[in-house]
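Q: Here is a sequence with its predicted model. Questions after.
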Amino acid sequence: MKNPLLILLFSFLFCAENNLALGQTSDVYAQQRSTWLQKAEAAKPPLIKQNKKPVCVVKAVKDTSAYQGWKTEKTGEIESFYRSSFKQNNVRIIDFGEHLTGTFSCTFDTLGNISDAPVRFKLTFAEMPAELGEAFDPYPGGLSRAWLQDEIVTLPYTPYTITIPRRLSFRYVKIELLAASSYFDVCISDINMTATSCVQESKFTLAPQTDPMIQAINRVGLATLKECMQTVYEDGPKRDMRLWIGDLYLEALANTYSYQNNDLTKRCLYLLAGLAQPSGILNSNISEMPTPRAQNSITLDYCLLYNVALHEYLQVSGDQQTAQELWPVALNQLRLAQSYLNEEGLYDTAKQPQYWLVFDWKDNFDRHASIQGLMTFAFQHTCQLAELLGREDEIKEIPGLIKKMKKASRKYLYDKKQGVFVSGPDKQVSYLSQAWMALSETLSQKECARALLTAIENPAACYPGSPYGYHYVIDALIKCGLHQEARDMMLYYWGGMVQKGADTFWEVYDPNDDCRSPYNSHLVNSYCHAWSCTPVYFINKYPEIFQK
Ligand code: RAM
């Protein structure tokens with residue numbers, strides 16, 4: 001082979017074939033990536049900064065009737081805390097009275113005499129009373145111990161001002177004196193917390209007759225969302241501090257009925273696209289610092305929710321340009337999902353997936369019926385998106401496929417006798433299987449309502465383990481016209497968190513188990529978690545159900 005052109009062509013084909021054999025493809029977004037990332041950067045919202053001060057001094061009290069066995073009690077005014085001796089009382093807890101996210105700094109000063117040696121303190125930043133009361137070590141958790149917010153600082157001399165380098169997320173700060181000279185005493189003379197969020201006030205108000213508990217749920221939901229709206233929609237400002245597609249979708253829904261910062265949604269949609277896999281499939285999550293980067297992980301349910309989020313964004317913002325530019329991304333997620341359907345339109349559990357499915361934090365929850373329902377739901381949204389963009393031609397076969405999928409669901413996943421959808425080899429009955437089938441309109445509204453009620457009334461049914469799961473159940477109840485049940489569920493579940501003292505809603509909440517954690521340590525759970533803010537969406541979108 002002497003011809004250089006032929007050699008070039010041959011090596012190109014050889015490499016392409018090798019890449020395919022390795023499961024790699026060339027970068028399908030090679031042309032668009034940098035523009036998408038620039039657009040994401042241009043839409044980055046400025047952070048609004050507020051200076052916050054602690055409001056009182058508290059102690060952590062063990063109490064078996066309190067959530068996770070711990071509560072706080074006020075022990076003093078904040079004025080008496082400043083300049084009081086750490087030698088006399090070497091552990092202090094200050095309370096800011098609200099959940100905050102931002103930068104913490106404080107000034108330590110000398111009390112009497114002259115400082116003649118370094119002083120060492122430990123600071124523990126806590127979202128929950130249990131983080132103040134329980135020892136962090138030995139740490140049994142599966143996630144990095146470094147997520148827990150304790151810091152040791154050594155002051156070379158006093159007075160001395162420290163600023164904790166990492167951003168923190170907390171309501172309480174425990175300050176412990178670890179080591180000091182016998183020659184002099186220390187105190188704290190000033191504390192400054194610069195709290196950040198990209199939003200300030202909701203644009204919605206509730207009707208005056210709204211039930212006080214629903215008002216409280218709305219307030220806590222708004223605080224949760226505000227804390228998570230930084231320069232991306234974060235999942236939790238304490239942990240993981242990053243953008244996940246599933247969280248983005250729910251935060252964007254709640255944002256539409258509160259703060260209405262559409263630029264943040266736009267930024268997140270572009271960031272995810274710009275950092276997608278070379279194959280075109282989206283990564284499930286993105287961290288921003290030091291520069292935006294994706295964790296190499298795919299979750300099929302989240303990939304599909306991207307399409308739904310893009311459709312919602314277009315409807316809310318009218319931003320055709322963004323939706324047109326990101327349409328190829330939506331198309332790629334749809335194609336990936338399609339490849340997991342068998343000839344009858346049923347999600348094929350025998351295929352080895354290259355991804356995981358989120359849906360909920362719940363052990364033993366079978367996801368087959370849910371992924372079948374979510375795929376149907378997301379395909380419908382993608383068709384509606386295509387219509388708004390004049391691109392129906394590109395997915396001509398999908399409306400027919402959706403019909404086929406619904407037929408397969410009825411044939412293989414619906415138990416006519418019981419009137420519920422069942423999932424997996426043990427034919428599990430779960431709330432979420434019914435919810436996803438209802439949201440996808442797989443059966444009639446009446447049949448879906450019956451399925452939901454049958455599952456909810458069955459004490460052996462698998463109930464959700466997180467607010468994320470409960471969101472979809474409430475959404476489905478509303479869709480099926482079960483308004484009272486939707487309201488009751490919100491009062492039971494989110495109202496339960498408020499009654500147990502939540503200032504912001506939690507990542508995981510099981511009314512029957514205070515210490516449940518998917519990470520083997522409830523201390524590393526996030527207690528201000530984006531995916532739990534959605535009562536804001538329901539309460540403000542459906543005043544006739546929640547504000548009557
Ligand atoms: C956790 C967080 C996040 C969620 C993922 C799947 O890290 O709870 O919110 O989206 O899991």
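A: In hand now; what should we look at?

Q: okay, now P138: neighbour count?
A: 6 (other Cβ atoms under 10 Å). The way it works is simple: take the backbone N, C-alpha and C, and place the C-beta from them, glycine included.

Q: what pLDDT does it get?
A: P138 carries a pLDDT value of 98.

Q: And it, how far from L482?
A: Distance, P138 to L482, by Cβ to Cβ, to the nearest Å: 47 Å.

Q: buried ones in the biggest strand by length in the chain?
A: Scanning the chain for the strand with the most residues, using DSSP state E, yields strand 91-111. Buried residues in strand 91-111, counted by 16 or more other Cβ atoms under 10 Å: 92-96, 99-104, 106-111.

Q: And stretch 73-90, by the same measure?
A: For stretch 73-90, a neighbour-count test (16+ other Cβ under 10 Å) marks T75, I78, F81, S84, F86 as buried.

Q: Isn't the fourth one up against C187?
A: Right, the one you point to is S84. Yes - using Cβ atoms under 8 Å, S84 is in contact with C187, at 5.8 Å.

Q: Kindly confirm my reading that A223 is in a strand.
A: No - assessed with DSSP: H, G, I helix; E, B strand; the rest coil, A223 is helix; it does not lie in a strand.

Q: So which residues of the protein form strands?
A: Applying DSSP E to the chain gives strands spanning 48-52, 56-62, 70-77, 91-111, 119-126, 150-155, 160-163, 168-179, 185-197, 243-244, 285-287, 293-294, 414-415, 420-421.

Q: Pull up the residues of this structure that are close to the ligand.
A: Neighbours of the ligand within the chain, by Cβ under 6 Å from any ligand atom: D235, D240, W244, G246, D247, V358, E507, W531.

Q: Try it again at 8 Å.
A: Taking Cβ under 8 Å from any ligand atom, the part of the chain that reaches the ligand is made up of 235-236, 239-240, 244-247, 284-285, 299, 302, 358, 361, 466, 468, 507-508, 518, 526, 529-531.

Q: tally of neighbours for the residue lying closest to L37 once chain neighbours are set aside?
A: Leaving aside its sequence neighbours, L37 sits nearest to G274 (Cβ to Cβ, 6 or more residues apart in numbering; 3.9 Å). When counting by other Cβ under 10 Å, one arrives at 22 neighbours for G274.

Q: how close does the residue lying closest to G419 once chain neighbours are set aside sit to D360?
A: Leaving aside its sequence neighbours, G419 sits nearest to R450 (Cβ to Cβ, 6+ apart; 4.8 Å). Note on R450: its distance to D360, by Cβ to Cβ, is 22 Å.

Q: the more surrounded of these two?
A: Higher neighbour count among R450 and D360: D360, with 24 against 17, using other Cβ under 10 Å.

Q: Once you drop chain neighbours, what's closest to that one?
A: Of all residues not flanking D360 in the chain, G469 sits nearest, at 3.7 Å (Cβ to Cβ, 6+ apart).

Q: Enumerate every residue touching that neighbour.
A: F359, D360, W361, K362, Y431, L432 (Cβ atoms under 8 Å, 6 or more residues apart in numbering).

Q: who wins for neighbours among these?
A: Within these, most neighbours by other Cβ under 10 Å means L432, with 31 neighbours.

Q: I'd say that one and H471 touch.
A: No - look at L432 against H471 with Cβ under 8 Å: they stay out of range, at 10.4 Å.

Q: hey, what's E73 bridged with?
A: On the basis of DSSP bridges, E73 is bridged to K59.

Q: And E151, by the same measure?
A: L123.

Q: how much space between it and the ligand?
A: According to Cβ to the nearest ligand atom, to the nearest Å, E151 and the ligand sit 23 Å apart.

Q: Which one of the buried residues of stretch 73-90 is nearest to A460?
A: If you rank the buried residues of stretch 73-90 by distance to A460 using Cβ to Cβ, T75 comes first, at 46.3 Å.

Q: With K53 as the reference, measure out to that closest one.
A: According to Cβ to Cβ, T75 and K53 sit 18 Å apart.

Q: And for F365?
A: F365 is 44 Å from K53, where distance means Cβ to Cβ.

Q: got it, and Q230?
A: From Q230 across to K53, the span is 21 Å (Cβ to Cβ).

Q: And G495, by the same measure?
A: 31 Å.

Q: before we move on, what about I94?
A: Counting by Cβ to Cβ - I94 and K53 are separated by 9 Å.

Q: Show me which helix runs longest in the protein.
A: helix 368-389 (DSSP state H).

Q: Which single residue of the stretch 301-450 of the chain approaches the ligand most closely?
A: Of all residues in the stretch 301-450 of the chain, V358 sits closest to the ligand, at 4.5 Å by Cβ to the nearest ligand atom.

Q: ignore the last one, the stretch 51-200 of the chain
A: Counting by Cβ to the nearest ligand atom, the stretch 51-200 of the chain gets nearest the ligand through L143, at 8.3 Å.

Q: What segments of the stretch 201-350 of the chain are helices?
A: With helices called from DSSP state H, counting those that start in this stretch, the stretch 201-350 of the chain shows them at 212-228, 245-256, 262-274, 300-317, 320-338.

Q: Just put these in CSV and tack on mean pLDDT.
A: Output for the helices of the stretch 201-350 of the chain, formatted as CSV (pLDDT from 0 to 100):
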stretch, mean pLDDT
helix 212-228, 98
helix 245-256, 98
helix 262-274, 98
helix 300-317, 98
helix 320-338, 98
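
Q: ranking those by burial, who's on top?
A: helix 245-256 (a mean of 26; mean count of other Cβ atoms under 10 Å).

Q: where's that one relative to the chain centroid, distance-wise?
A: When C-alpha coordinates are averaged (Cα atoms, centre = their mean, to the nearest Å), helix 245-256 and its chain have centres 9 Å apart.

Q: Surely A294 touches I286?
A: Yes - using Cβ under 8 Å, A294 makes contact with I286 at a distance of 5.1 Å.

Q: for stretch 390-405, the distance to its chain's centre please.
A: Centre-to-centre, stretch 390-405 and its host chain are 31 Å apart (Cα atoms, centre = their mean).
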